[in-house]
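K.L.:
Build me a model:
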Amino acid sequence: MHRASPVPSIGVAYHCLDVPFWFDHLDADGVDRIAGAPPADLAGQVHGAAVSFVRDRNPGWSLWDATARRARVFDAAASVPLVESDAYADVAPLI
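P.N.:
Residues are numbered from 1 along each chain as shown. You can find the predicted model right below:
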């Protein structure tokens, strides 16, 4: 999961910012210090996909395909799941 933290900071990497979303636990101590006021709807989407994946082996979108390179984009404003084609094009030169 990639979500830019709205909290300005220098020299801090937000490597686990997805954890409160994954477990739908935005009220945990310290979350607001790194995530600001994260949208509860977004946490519900991420948590729902995680539960579905663990329970049914289906997070709600198609499996990874190296040719199409689609990725699920979580967006609190989206009413249906967004799937982006060639989602990693901007970082491909780094690989």
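
K.L.:
OK, contacts around Ala50?
P.N.:
Listed by CB atoms under 8 Å, 6 or more residues apart in numbering, the contact partners of Ala50 are Trp22, Phe23, Pro59. The C-beta positions use only the backbone N, C-alpha and C, and glycine is treated the same way.

K.L.:
try 7 Å
P.N.:
For Ala50, the contact set (CB atoms under 7 Å, 6 or more residues apart in numbering) comprises Trp22.

K.L.:
One more: Gly44?
P.N.:
With contacts defined as CB under 7 Å, 6+ apart, Gly44 is in contact with Asp24.

K.L.:
Are we agreed that it is in a helix?
P.N.:
Yes: if the criterion is DSSP: H, G, I helix; E, B strand; the rest coil, then Gly44 is within a helix.

K.L.:
any idea how far it lies from Leu26?
P.N.:
Spatial separation of Gly44 from Leu26 under the definition CB to CB, to the nearest Å is 10 Å.
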